[in-house]
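K.L.:
with the input below, show me the fold.
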Amino acid sequence: MKIFKDKSDEQLISLYVDGNNEAFDSLLERHKDRIYMYIYHSVKNEELADDIFQDTFVKAIMTIRQGRYVENGHFSAWITRIAHNLIIDYFRQTKAENLQSTDDTDINILNRKELSDSTIEDSLVESQIHSDVRRLIRALPDSQREVLVMRYYKNMSFKEIADTTGVSINTALGRMRYAILNMRRMAEEHNIVLTL
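P.N.:
Just a heads-up that it's a prediction; the model follows:
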């Protein structure tokens with residue numbers, strides 16, 4: 001695996017896509033400690049962390065094999081987002097299955113993500129999400145992009161947008177609706193996760 005040491009993440013992914021399984025082993029070796037610690041610090045359970053860690057890399061492998069991985073030079077942020085989403089899925093499922101009692105001394109109900117300061121990983125993931133959103137907006141048709149920018153970045157009302165663009169309010173609303181639908185579709189097609 002020493003021959004892969006000088007390769008970038010993207011080069012290793014390309015080699016893996018071309019059938020070189022050792023390239024993925026090298027990628028796993030490079031990122032496993034950081035991803036595992038991120039998961040473990042979130043779930044505070046070694047066995048659960050092991051399961052989510054495995055699921056993270058299985059999902060990454062499947063996405064790459066299906067040709068849905070978009071090379072953007074941010075494999076580290078992408079794999080962290082996969083882990084993060086699997087952690088969220090676990091907690092949602094657990095919450096749906098049972099409510100926790102405050103009498104249970106093994107559970108610290110104040111140990112929740114929304115009550116803590118953001119981490120470096122959170123900042124990286126958030127930065128990647130903003131970058132992905134900007135990329136999706138640039139890919140929209142001009143008329144849809146114009147309405148979306150006016151509404152969300154310039155905080156204009158739909159009446160103001162209609163007056164500025166010379167279209168009816170219904171047309172402005174329709175363009176916004178199609179902009180959001182198109183962004184969701186593109187995000188799904190490129191396996192882009194737009195939530196923390």
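K.L.:
in this structure, what secondary structure element scores lowest on mean pLDDT?
P.N.:
Across the helices and strands of the chain, the lowest-confidence element by mean pLDDT, DSSP states H and E is helix 120-138, at a mean of 82.
K.L.:
tell me what that helix is packed against?
P.N.:
The contact analysis (3 or more CB pairs under 8 Å, 6 or more residues apart in numbering; DSSP states H and E) places helix 120-138 against helix 75-97, helix 142-148, helix 169-189. Bear in mind the C-beta positions are built from the backbone N, C-alpha and C, glycine included.
K.L.:
would you mind pulling the contact partners of the first one?
P.N.:
Think helix 75-97. Applying CB atoms under 8 Å, 6 or more residues apart in numbering, the external contacts of helix 75-97 come out as 9-10, 13, 27, 31, 34-35, 38-39, 42-43, 48, 52-53, 55-57, 59-60, 69, 72, 121, 124-125, 127-128, 193, 195-196.
K.L.:
so that helix versus helix 120-138, what angle?
P.N.:
Calculated by axes from the mean of the first three to the mean of the last three CA atoms, to 10 degrees, helix 75-97 forms an angle of 100 degrees with helix 120-138.
K.L.:
and if you look at the last one?
P.N.:
Taking the same axes, to 10 degrees, one finds helix 169-189 and helix 120-138 inclined to each other by 130 degrees.
K.L.:
list of residues touching helix 169-189?
P.N.:
By CB under 8 Å, 6+ apart, helix 169-189 touches 68, 132-133, 136-137, 139-141, 143-148, 151, 158-159, 161-162, 165, 167, 192-194.
K.L.:
now render the helices and strands packed on helix 120-138 as JSON lines, adding mean neighbour count and mean pLDDT.
P.N.:
As requested, those are exported to JSON lines (neighbours: other CB atoms under 10 Å; pLDDT from 0 to 100):
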{"stretch": "helix 75-97", "mean neighbour count": "17", "mean pLDDT": "86"}
{"stretch": "helix 142-148", "mean neighbour count": "18", "mean pLDDT": "93"}
{"stretch": "helix 169-189", "mean neighbour count": "16", "mean pLDDT": "87"}
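K.L.:
ok, which of these comes nearest residue 3?
P.N.:
helix 75-97 (18.9 Å; CB to CB).
K.L.:
show me how far the closest one is from its chain's centre.
P.N.:
Offset of helix 75-97 from its chain centre (CA atoms, centre = their mean, to the nearest Å): 10 Å.
K.L.:
on that earlier part again, can I get the helices and strands packed on helix 120-138 in JSON lines with distance to residue 23?
P.N.:
JSON lines is the format used below for the helices and strands packed on helix 120-138 (distance: least, CB to CB, whole Å):
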{"stretch": "helix 75-97", "distance to residue 23": "12"}
{"stretch": "helix 142-148", "distance to residue 23": "38"}
{"stretch": "helix 169-189", "distance to residue 23": "25"}
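K.L.:
what's the closest of those helices to residue 18?
P.N.:
For those, the distance to residue 18 is smallest for helix 75-97, at 16.4 Å, taking CB to CB.
K.L.:
quick check, residue 74 in contact with residue 129.
P.N.:
No. Contact criterion CB atoms under 8 Å: residue 74 and residue 129 do not qualify, at 10.9 Å.
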